[in-house]
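Peer 1: quick one: sequence and predicted model below, then my questions.
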Protein chains: 2
Amino acid sequence: MDGATAGPGLAEPFAALLDQYRFPAGYRRMLLAAVDAFAEHGFHGTTTRDIAARAGMSPAALYAHFSSKEELLHTIMSSALDLTAGMVSAEASRQVSAPGRLKAVVTALSAWQGYHFPVSRVVLYQLNALSAEHLAEVAGKMRVIDQTFRAIIADGVSAGDFTVADVRATATATLSLCLDVARWYYPGYRRTPQEIGEMNARAALRIVGVPEPPT
Amino acid sequence: MDGATAGPGLAEPFAALLDQYRFPAGYRRMLLAAVDAFAEHGFHGTTTRDIAARAGMSPAALYAHFSSKEELLHTIMSSALDLTAGMVSAEASRQVSAPGRLKAVVTALSAWQGYHFPVSRVVLYQLNALSAEHLAEVAGKMRVIDQTFRAIIADGVSAGDFTVADVRATATATLSLCLDVARWYYPGYRRTPQEIGEMNARAALRIVGVPEPPT
DNA sequence: GTCTATACAGGGATAGAC
DNA sequence: GTCTATCCCTGTATAGAC
């Protein structure tokens, strides 16, 4: 339980994205400290004292901003998923062809999972620490991303670009490529998140039966 | 924290595999109860009282078999990984060609991750609850599986069967397909673990540039 | 909105009988 | 090897001052 006191932390790239929310300073410090702590030790393995110490504040300061540790977790997941889903939707609409859209979303989401691996780990692996209500809400946000993948693959099949036996299963497989990056990626890995994204896009296109990527 | 008292639990398929270890009855019940509890709530979210209740024993009975909760976790991971790595090696040696071996290991490992999803979740997502020594040992066992995948892909490239840009990255991608099954699979899913394995094998072969699976 | 101090429940582990 | 009883620390959350 070392935990760097204050300082940026591994969630620094995520911090930049939070700017658009205009959160109060203390609230924001606490939130980012919690992302790093939850990613390292999990929700139940993290104490409110640890979060507060990383944020450079007293344990009680947490409750000026959040009613409970669980609400803090929910805020992290909810904002992270809004940003992720928005990014995926934006990437999907930057191209028209199904191969172009699949390449764009797999590249971007894979890179995102590496670049933002602390918060992505929290989102993927701390779901069952949420209350039933919060879990249902968060699961709904995740479903939006899944449906984007399904729609792209279904379109590619309709257009005759893709050859797949099962649209839903293929969406799951291509999503697995992207999401699993958050599990194994670590800073200093020999490839950048962007490079990982490009290789995964190539793999995803092969999975749907497109041997060479579109330009 | 409901938790079915005693009874088989979702780790029942794993229980059958443990027979070869000839563990004492109480030890075995405690171990299986812990698999279900850790898979549901995580290591830190599980109490020794919860484990004992699921096993139908008193909290103190745990310490007749394990010196600590962490040692119990380590025992689960270590035995599960031995069984998994053994299964993967056996599948890899049942075929001679690289395409045949890749198909065999991806099918078997994907099905395994679905069939044994509780223990697989514990192995994949509770690693940082281990002591440094235990983590190093467990990571070594995981590396064996990764190297099996790398060897198959390298062989396929050498033999001219596969066309990949990066052997290690391709091993990671095909492994992601298999391992991520443990994250999203749930009992009652519309496809059986075996069917998931077969679809993932098809996807993995496409990733390495084999358009149609070998028979 | 931040602090110090603290209430109070919960959890890992042990003692000692059977 | 299993039980009952319990120790004692840790952790979430609150009270109340500034």
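Peer 2: Received the coordinates, thanks.

Peer 1: helices of chain A, start to end?
Peer 2: Counting by DSSP state H, the segments of chain A that form helices are A:12-18, A:25-41, A:48-55, A:62-65, A:69-92, A:98-115, A:117-125, A:132-158, A:167-179, A:181-184, A:193-207.

Peer 1: kindly provide the distance from the residue nearest to the spatial centre of chain A to A:Leu109.
Peer 2: The centroid of chain A falls nearest to A:Ser120 when counting by CA atoms, centre = their mean (3.9 Å). Applying CB to CB, to the nearest Å, the value for A:Ser120 to A:Leu109 is 10 Å. Every C-beta, even on glycine, is put in place using the N, C-alpha and C of the backbone.

Peer 1: measure the residue of chain A most remote from its centre to B:Glu70 for me?
Peer 2: For chain A, the largest distance from the centre (CA atoms, centre = their mean) belongs to A:Gly160, which lies 30.9 Å off. Distance, A:Gly160 to B:Glu70, using CB to CB: 55 Å.

Peer 1: so what's whichever residue of chain A sits closest to DNA strand C scoring on pLDDT?
Peer 2: In chain A, the residue that lies nearest DNA strand C is A:Gly26 (2.7 Å; CB to the nearest atom of the strand). With respect to pLDDT, A:Gly26 scores 96.

Peer 1: A:Thr215 too?
Peer 2: 77.

Peer 1: what's around it, how many residues?
Peer 2: 5 (other CB atoms under 10 Å in any protein chain shown).

Peer 1: and if you look at A:Ala34?
Peer 2: Neighbours of A:Ala34 (other CB under 10 Å): 28.

Peer 1: same check on A:Gln113?
Peer 2: 28.

Peer 1: doesn't A:Val181 make contact with it?
Peer 2: Yes: using CB atoms under 8 Å, A:Gln113 is in contact with A:Val181, at 4.0 Å.

Peer 1: what's the overlap in contacts for those two?
Peer 2: Common contact partners of A:Gln113 and A:Val181 (CB atoms under 8 Å, 6 or more residues apart in numbering or on different chains): A:Ser120, A:Pro193.

Peer 1: tell me, how many residues neighbour A:Ala53?
Peer 2: A:Ala53 has 19 neighbours, counted by other CB under 10 Å.

Peer 1: pLDDT at it, what is it?
Peer 2: At A:Ala53, the predicted lDDT confidence score is 98.

Peer 1: now do A:Thr5
Peer 2: Model confidence at A:Thr5 (pLDDT) stands at 60.

Peer 1: same deal with the one 5 residues further on?
Peer 2: The confidence metric pLDDT takes the value 97 at A:Leu10.

Peer 1: now do the contacts for it.
Peer 2: Contact partners of A:Leu10, counting by CB under 8 Å, 6+ apart, are A:Asp36, A:Ala39, A:Phe117, A:Pro118, A:Pro187.
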